[in-house]
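Engineer: Show me the folded form of this:
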Amino acid sequence: FATAVAVLIWIASQAWRPCLGRHISWLQDYTHRPCGSGANLGRPYLFFCLADDHTQVNPFDPICISECPTVWNTSRACPTRDANAKGLAWKFTWSNKSDYPTEPYDLPLEHGSMCKPIFGSGVEWSTYTLTGGSLETALYAQLIVFTHWHTIVACCAASIAVSLLYTRFLSQNAGIIFWVGLALLMLLLSMWSVVAVSKGNTLFALVIAAAGLLIVWLALRERDTIDRALTCVELACRCVLNMPVLQYMALLVACLRLALFAFVYYCARGLFACGWTMTGRRSAFHPGLILRARMCYVVLMAVWVNAVISACLTFVVVYAAQVWYGKGALRKSSYVGLSALGVLCRNHLGSMCVGSLMSVAVQPARVAFNFL
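Structural biologist: Numbering: from 1, shown residues only. Model (predicted):
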């Protein structure tokens with residue numbers, strides 16, 4: 001595993017060597033010429049002209065422009081493919097198309113800028129698909145992740161805080177939560193049956209009522225078993241609350257996975273930049289066999305490292321819980337679970353790595369068998 005990680009770090013260092021893709025825009029006009037250089041020098045922004053319905057853009061024939069339009073009352077000459085043209089070469093007809101309000105937009109993954117419709121302009125920006133492929137995923141990533149990253153972090157922190165508060169409440173009131181929840185379920189089923197009777201579905205109302213009575217009968221019959229299970233739930237919550245290693249392990253794992261995602265993102269961006277070639281005035285993305293192999297290796301290593309992180313999390317939780325339950329009440333402390341990290345690194349880290357690799361290798365087969 002250490003050797004594989006070392007190879008991954010070497011590939012990441014090679015991903016940032018000087019390449020053509022770092023000096024030209026990855027965005028191309030309708031003739032596959034990069035914006036901002038060559039024939040499009042001084043025109044760095046990719047722009048999609050309006051289609052005939054004026055609510056969507058023409059995603060197949062973009063042009064490069066010097067400034068993004070901000071109003072409706074301007075127009076420009078735009079190409080349109082001739083659907084009746086025969087042969088491999090496309091023929092284009094030119095006509096004036098109205099502009100629409102846009103704003104400059106730097107793509108996070110691709111090296112280049114484009115004119116993105118302003119929200120509320122009436123133009124559906126989500127229909128964008130760039131020439132020769134789809135950069136729509138990058139648009140969504142920019143909108144959801146890169147633009148709103150602070151909101152995502154705040155939501156994750158809030159969810160962890162709410163989970164800890166719920167765990168603290170559950171550690172002393174598991175029985176109250178269960179029986180109140182059961183009562184609310186019975187109330188919901190009763191209301192459902194009343195609505196069914198009011199609509200003339202008497203048979204359906206009887207089925208709902210019978211199901212509710214069956215649930216109540218089973219709960220009362222197995223009350224001792226339920227109480228013992230609720231006691232186990234309360235003990236598990238107290239176990240988590242008494243050991244900071246379990247409280248903050250989920251946060252640590254989330255940070256590790258975010259770091260892994262950021263590493264793969266920057267590594268992929270660097271590798272993609274080395275797959276561009278220029279033929280005359282046209283640019284094209286043609287990654288060679290070695291570059292494709294490096295991309296595949298980065299993806300596979302990301303999956304493997306993520307599986308190792310999950311396996312280590314499971315081991316720490318199980319071992320810490322075992323130590324907590326095995327210690328006497330007077331011997332417990334808030335640091336009792338930290339020994340799990342030492343045991344993991346000293347005795348079981350290799351097993352976690354090999355087991356995770358085997359799990360990743362058989363995962364496609366497991367998914368396939370689930371559909372059989």
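Engineer: ranges for the strands of the stretch 101-250 of the chain?
Structural biologist: 102-106, 113-117 (DSSP state E, counting those that start in this stretch).
Engineer: List the buried residues in the first one.
Structural biologist: Within strand 102-106, the residues that qualify as buried are 102, 105, counting by 16 or more other Cβ atoms under 10 Å. C-betas here are computed from N, CA, C, even on glycine.
Engineer: So what touches that strand?
Structural biologist: 45, 47, 68-70, 112-118, 121, 142 (Cβ atoms under 8 Å, 6 or more residues apart in numbering).
Engineer: Can you give the strand pairings for it, parallel or anti for each?
Structural biologist: strand 113-117 (antiparallel) (DSSP bridges).
Engineer: Show me how far the partner strand is from its chain's centre.
Structural biologist: Counting by Cα atoms, centre = their mean, to the nearest Å, strand 113-117 is centred 23 Å from the centre of its parent chain.
Engineer: What's the mean pLDDT across that strand?
Structural biologist: On average, the pLDDT along strand 113-117 is 79.
Engineer: mind saving the C-alpha coords of it as PDB?
Structural biologist: Output of strand 113-117 as PDB, limited to C-alpha atoms (Å, rounded to 0.1, in the frame of the first residue of the first chain):
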ATOM      1  CA  SER A 113     -13.800  31.100 -19.300                       C
ATOM      2  CA  MET A 114     -17.300  31.300 -20.700                       C
ATOM      3  CA  CYS A 115     -20.400  33.600 -20.600                       C
ATOM      4  CA  LYS A 116     -23.000  32.000 -18.300                       C
ATOM      5  CA  PRO A 117     -26.600  33.200 -18.300                       C
END
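Engineer: what mean pLDDT does the helix or strand encompassing L300 have?
Structural biologist: L300 belongs to helix 289-326 when assigned by DSSP states H and E. Summarised as a single mean, pLDDT over helix 289-326 is 85.
Engineer: Output the contacting helices and strands for it.
Structural biologist: Here helix 289-326 touches helix 2-14, helix 223-242, helix 244-247, helix 249-273, helix 339-343, helix 349-370, going by 3 or more Cβ pairs under 8 Å, 6 or more residues apart in numbering; DSSP states H and E.
Engineer: Now do the second one against helix 289-326: the angle between them, please.
Structural biologist: Which is helix 223-242. Relative orientation of helix 223-242 and helix 289-326, computed by axes from the mean of the first three to the mean of the last three Cα atoms, to 10 degrees: 110 degrees.
Engineer: hmm, who's touching helix 223-242?
Structural biologist: Outside helix 223-242, the residues touching it (Cβ under 8 Å, 6+ apart) are 167-168, 170-172, 174-175, 178, 219, 246-247, 320-321, 324-325, 332, 334, 336.
Engineer: Contact partners for F48?
Structural biologist: So F48 contacts 57-59, 62, 115, 128 (Cβ under 8 Å, 6+ apart).
Engineer: Compute the number of surrounding residues for V240.
Structural biologist: 24 (other Cβ atoms under 10 Å).
Engineer: quick one: it from Y248, how far?
Structural biologist: Going from V240 to Y248 by Cβ to Cβ, to the nearest Å gives 10 Å.
Engineer: Just the buried residues out of the contacts of helix 223-242, in ChimeraX syntax.
Structural biologist: A single ChimeraX command selects the buried members of the contacts of helix 223-242 (16+ other Cβ under 10 Å):
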select :167,170,171,174,178,246,247,320,321,324,332,336
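Engineer: Give me the neighbour count for the nearest residue to S171 once chain neighbours are set aside.
Structural biologist: Spatial nearest neighbour of S171, excluding adjacent residues (Cβ to Cβ, 6 or more residues apart in numbering): C237 at 3.5 Å. For C237, the count of nearby residues is 19 (other Cβ under 10 Å).
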